[in-house]
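Asks: below are the sequence and a predicted model; questions follow.
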Amino acid sequence: MGPAPKFEYWQSLRDEQWYWHLKDGNGRIIAIGGQPFNSKEIVERAIANVFGTVPLVTHRYMIDDPNAN
């Protein structure tokens, strides 16, 4: 079995909102949060709501803003 899917979340430097996506074991984004979130706690709750419905997901990571250069 390959790497497990994982949730990643971050705060954007552009608008200071929180976002998440789900990557498969190959690093491809397979799902995204449909809206920005106002706080880290709220985005973590949103991920927790989805977390139990996605089989084999074992990790959640906070990552740097992918839009920052």
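Replies: Noted; the coordinates are in hand. Residues are numbered from 1 along each chain as shown.

Asks: quick check: which ranges of this structure have low pLDDT?
Replies: Across the chain, the ranges flagged by pLDDT under 70 are 1, 54-61, 63-69.

Asks: could you pull out the helices for it?
Replies: With DSSP state H as the definition, the chain shows helices at residue ranges 40-51.

Asks: what's around the closest residue to residue 29 other than its chain neighbours, how many residues?
Replies: Leaving out its chain neighbours, the residue that sits closest to residue 29 by Cβ to Cβ, 6 or more residues apart in numbering is residue 21, at 4.9 Å. From N, CA and C alone the C-beta is placed, and that goes for glycine too. Burial of residue 21 is recorded as 16 neighbouring residues (other Cβ atoms under 10 Å).

Asks: same check, this time on residue 12
Replies: Burial of residue 12, expressed as a neighbour count using other Cβ under 10 Å, amounts to 14.

Asks: that one and residue 37, how far apart?
Replies: Plainly put, residue 12 is 10 Å away from residue 37 if you go by Cβ to Cβ, to the nearest Å.

Asks: what sits in contact with each of those two?
Replies: 18, 19 (Cβ atoms under 8 Å, 6 or more residues apart in numbering).

Asks: re the thing from before, I'd say the residue nearest to residue 29 and residue 5 touch.
Replies: No. Counting by Cβ atoms under 8 Å, residue 21 does not reach residue 5; the two are 10.7 Å apart.

Asks: ok, residue 7 touching residue 49?
Replies: No. Under the criterion of Cβ under 8 Å, residue 7 makes no contact with residue 49, lying 11.3 Å away.

Asks: those two - which one has more neighbours?
Replies: Between residue 7 and residue 49, counted using other Cβ under 10 Å, the more crowded position is residue 7 (24 against 9).

Asks: list the beta-bridge partners for that one.
Replies: Residues in a beta bridge with residue 7, per DSSP bridges, are residue 22, residue 60.

Asks: picking that back up, check contacts around the residue nearest to residue 29.
Replies: So, once contact is read as Cβ under 8 Å, 6+ apart, residue 21 ends up touching 7, 8, 9, 29, 31, 32, 33.

Asks: just the ones of the residues you listed in strands?
Replies: The strands, defined by DSSP state E, take in 7, 8, 9, 29, 31, 32 from those.
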